[in-house]
Structure formats: C-alpha cells, structure tokens
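Peer 1: Test case, fold it:
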Amino acid sequence: PLPVVAASLRAIGLDCFGTKSKYKTLVLELPASQPELLETTVRGLLGKSVYVDWPMTREARLVEARDSRRRLAPDGTLRDDDHHHHQEGAPPRDSHEALRRKHLLGLGKPGDGGLDAQAVEVVLTVAPVRGLEVDPATGALRKLFAE
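Peer 2: I've put the predicted structure just below:
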C-alpha cells in the first residue's frame, strides 16, 4: 500500500479527456523519500519485475533509476548523471518538476492525476512486457520486454 501522508479535495484543474476539470479532485500526498534511495531499495529492484500504470497495472522490468545527481545503470553501477547530454534521437528527459505536475494534473486519461508526490526525487525507467515467446525446443513460455 501507498504510505499516504494526507488526502484533500482541491480544485487543481485535473486534465480529464484533454480538458481541465472544473470540479475538485481527491489529491493524495505521499511522504518525501529517503535520501539514499538509489543505493538501498532501488538497487535491489533493478532488473526485477514491477507493476506500472496504476490503476490498470501491467508488468514491466526496472531497467534504470536516477535522481537529480546520479544514475543507476542497468548493470547496477552508480554514475554521475548529465542531464544536458542524452543520446542523439532520444527525447529529452522530463524534469523532476514536470513529472510531479503530470502526476498531479493528469495526462488526459481516466485514472491519471490527483497524486501529489511532493518533490520527485527518484525517477524509474521501465521496459514493459510486450508479449510472450515460445521456446521451440521445450515449449516453455518466456516474457519479452520492450527495449
């Protein structure tokens, strides 16, 4: 369960179906995270299955995590994060404040928004399950994750 600090009804202009709501929204406030979250909890989850896109959850694999200063790479190494240089052709990463606003105001789909996570301190990158593959030799099913 989520460790909810507070819940309140606020008129935040939730984005529902592409337009701002004029009604109040139930906003859940979460506690601030631990200062060394990358070294502790997140490192233990790297490469493991997690469930994303609440409330319509789906399985994904945690492939990377970053905070404002560092990046936990897929191989488990912790490196300084350079936000200004990203791979050519890749979209720029959302700022932590932009991610916080998206979760508060929503993305235009039912179930999005209304979550005030305060300061977003750690951003997780996941690869969702895209299907199953059958091993021709054994007939065993294996999950395929997006790249």
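Peer 1: which residues sit against the strand or helix carrying residue 127?
Peer 2: Assigned by DSSP states H and E, residue 127 belongs to strand 123-134. Identification of contacts with strand 123-134 by Cβ atoms under 8 Å, 6 or more residues apart in numbering yields 42, 50, 52, 58-67, 93-94, 96, 99, 140-147. Every residue, glycine included, has its C-beta placed from N, CA and C.
Peer 1: do that again at 10 Å, thanks
Peer 2: 42, 45-46, 49-53, 58-68, 71-72, 74, 81, 93-96, 99, 140-147 (Cβ atoms under 10 Å, 6 or more residues apart in numbering).
Peer 1: Could you list the low-confidence segments of this protein?
Peer 2: Residues of the chain meeting the criterion pLDDT under 70: 1-3, 16-17, 32-35, 37-38, 54-55, 82-94, 96, 108, 110-111, 117-120.
Peer 1: hang on, the earlier thing: and the strand holding residue 127, which residues are buried?
Peer 2: 123-124, 126 (16 or more other Cβ atoms under 10 Å).
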